[in-house]
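**Q** one predicted model, sequence on top.
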Amino acid sequence: MSIAFGPAGNADSFSAAGYKSSKDAPKFLSDMGLNAYEYQCGNGVTVKEQGARSIGENARRFGVRLSIHAPYYISMSGEEESKRLGSLKYFLQCGEAARWMGADRIVFHPGGLGKSTRDEALARSKDTLSYVIREMDAAGFSDVALCPEVMGKINQVGTLEEVLDMCLLDERLIPCVDFGHLNARTMGSLAAKEDFEKVFDIMENAIGHERTRRFHAHFSKIQYGKGGEIRHLTFRDEVFGPSFEPLAEVLAGRGYEPTIICESSGTQAEDAAEMMRIYGEKISGIKSVS
């Protein structure tokens, strides 16, 4: 395994270049020097088997690592048990799509607080996730990692610590650290190299070095207010963070090998390529010193 960079879904430039089907995304990304792609099922798992297999075949051909983002309306923390347990069908649909494609990770949102305390909502999220893990195993999807995501709004389950607590349920769970979300919900706490070092120290203390080394990540600049996340931006923004440079320095220094998915608004492929370039410079700098 090595570090991988790519976009969430298809950037504006993908269609501008004349591409119409996600099966062509691996070639498009490979031509840009990228090696990861997160297929988006945020509005439902609608991909058909033939299309999914075509994406997978091209991903293998062009050396692109695949992950899937589960539907946004999954509710792991809701008060109604029927709705929480009903989320299973979306995980099973994602598992089937992952099997067709050869994707090895499914990213999901834990859910909102509603009228509950954080402790109550987290407890329900963990209970639902335990149920999902058992049923995914029974359906034959035990080889697909589930990745709870750090969320950007304060009224959502998904602080860094909550996500890591969820990951303690099973070794196959890999945290999806969305650095834009984390920065937004903590009112801009990720600025210097030391801020990112602290994040990884917390992760290693909670889930160990190995899972931290190969964690999943989302990265983009995000506008935020008193409630946390407002909207995703592009790397052109000079007001909101976080900046990728200090994170790249920490990743290079620690030798981590995550999958980093860019969620910039419309320029996610170009900004992913920029992250890869910056990371390459940091790695080259370390090698030249040693």
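**A** Looks like it came in fine.

**Q** in this protein, which spans are helices?
**A** Here the chain has its helices, by DSSP state H, at 12-16, 25-31, 49-62, 81-86, 88-101, 118-138, 160-167, 179-185, 193-213, 244-254, 268-289.

**Q** now those as a markdown table including distance to Q40 and mean pLDDT?
**A** C-beta coordinates here come from the backbone N, C-alpha and C atoms, glycine included. Shown next, in a markdown table, are the helices of the chain (distance: least, Cβ to Cβ, whole Å; pLDDT from 0 to 100):
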| stretch | distance to Q40 | mean pLDDT |
| --- | --- | --- |
| helix 12-16 | 12 | 97 |
| helix 25-31 | 11 | 98 |
| helix 49-62 | 12 | 98 |
| helix 81-86 | 21 | 87 |
| helix 88-101 | 11 | 97 |
| helix 118-138 | 20 | 97 |
| helix 160-167 | 20 | 98 |
| helix 179-185 | 16 | 98 |
| helix 193-213 | 24 | 98 |
| helix 244-254 | 22 | 97 |
| helix 268-289 | 11 | 91 |
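
**Q** which one of these lies nearest to R236?
**A** helix 268-289 (9.0 Å; Cβ to Cβ).

**Q** in the closest one, what's buried?
**A** Residues of helix 268-289 classed as buried: 268-276, 278-279, 282-283 (neighbour count, 16 or more other Cβ atoms under 10 Å).

**Q** you'd agree E135 is up against L92?
**A** Yes. Using Cβ atoms under 8 Å, E135 and L92 qualify as a contacting pair, with a distance of 7.2 Å.

**Q** returning to that earlier point: closest one to T234 among the helices of the chain?
**A** Among the helices of the chain, if distance is taken as Cβ to Cβ, the winner is helix 268-289, at 6.4 Å.

**Q** contacts for that closest one next, please.
**A** Applying Cβ atoms under 8 Å, 6 or more residues apart in numbering, the external contacts of helix 268-289 come out as 3, 5-11, 13-14, 28-29, 32-34, 36, 219-220, 234-235, 244-245, 248-249, 251-253, 260-262, 264.

**Q** again with stretch 36-53
**A** So stretch 36-53 is contacted by 4-9, 21-23, 25-26, 29, 55, 59, 64-72, 90, 93-94, 96-97, 100-101, 103, 107, 259-261, 272 (Cβ under 8 Å, 6+ apart).

**Q** as a markdown table, the helices of the chain with distance to L173 would be great.
**A** Formatted as a markdown table, the helices of the chain follow (distance: least, Cβ to Cβ, whole Å):
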| stretch | distance to L173 |
| --- | --- |
| helix 12-16 | 31 |
| helix 25-31 | 27 |
| helix 49-62 | 23 |
| helix 81-86 | 17 |
| helix 88-101 | 13 |
| helix 118-138 | 8 |
| helix 160-167 | 4 |
| helix 179-185 | 18 |
| helix 193-213 | 8 |
| helix 244-254 | 21 |
| helix 268-289 | 25 |
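
**Q** please identify the most buried of the ones you listed.
**A** Counting by mean count of other Cβ atoms under 10 Å, helix 179-185 has the highest mean neighbour count of the helices of the chain, with a mean of 26.

**Q** that helix packs against which elements?
**A** With contacts taken as 3 or more Cβ pairs under 8 Å, 6 or more residues apart in numbering; DSSP states H and E, helix 179-185 sits against strand 216-219, strand 222-225, strand 228-232.

**Q** deepest-packed of the ones you listed, please.
**A** Highest mean neighbour count among those (mean count of other Cβ under 10 Å): strand 216-219, a mean of 25.

**Q** so which elements touch that one?
**A** strand 105-108, strand 176-178, helix 179-185, strand 259-262.

**Q** can you redo the ones you listed as TSV with distance to G152?
**A** Below are the helices and strands packed on strand 216-219 laid out as TSV (distance: least, Cβ to Cβ, whole Å):
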stretch	distance to G152
strand 105-108	14
strand 176-178	7
helix 179-185	3
strand 259-262	15
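
**Q** what's the closest of those to D119?
**A** From these, taking Cβ to Cβ, the stretch that ends up closest is helix 179-185, at 17.4 Å.
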